[in-house]
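Participant: How does the following fold in three dimensions:
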Amino acid sequence: MSVNFIYMTAGSKAEAQKIGKALVESRLAACVNIWDNMQSIYRWEEKLQEDSEVVIIAKTTDTRVPQLIDKVKSLHSYDCPCIVSLRVSGGYPPFLDWIQSEVSE
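Facilitator: Numbering: from 1, shown residues only. Next up, the predicted model:
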């Protein structure tokens, strides 16, 4: 079983906290980090956008990623939320084991 970090963005700190709490409470993530006041520049619907967003990083396993994505989509205010899964290739084994134990089904 592999550990994944899920990189996401949200439109507000309150939304990020709601998503983070739901993921940890439902054991879809062992831990969620929230970073406020990230500046994003992107093109959406053919217009250049500049917004303040909140970064969310959730720690989970590869087997829980599909359920995590479904949960985030159900709670997110964006039409097309940023949800990207990044496989962890190494790290401190006790921490990686803890993630796996926290999200085990």
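Participant: Show me what counts as buried in stretch 92-105.
Facilitator: Within stretch 92-105, the residues that qualify as buried by neighbour count (16 or more other C-beta atoms under 10 Å) are 96, 99-100, 102-103. The way it works is simple: take the backbone N, C-alpha and C, and place the C-beta from them, glycine included.
Participant: next one: stretch 78-95
Facilitator: By 16+ other C-beta under 10 Å, the buried positions in stretch 78-95 come out as 78, 81-83, 85.
Participant: Straight-line length of that stretch, end to end?
Facilitator: Separation of the first and last residues of stretch 78-95 by C-alpha to C-alpha, to the nearest Å is 32 Å.
Participant: can you give me the mean pLDDT across it?
Facilitator: Averaged over stretch 78-95, pLDDT sits at 96.
Participant: swap in stretch 43-50?
Facilitator: Mean per-residue pLDDT for stretch 43-50: 94.
Participant: from the middle of its chain, how far away would that stretch be?
Facilitator: With C-alpha atoms, centre = their mean, to the nearest Å as the basis, the distance from the averaged C-alpha position of stretch 43-50 to the chain average is 23 Å.
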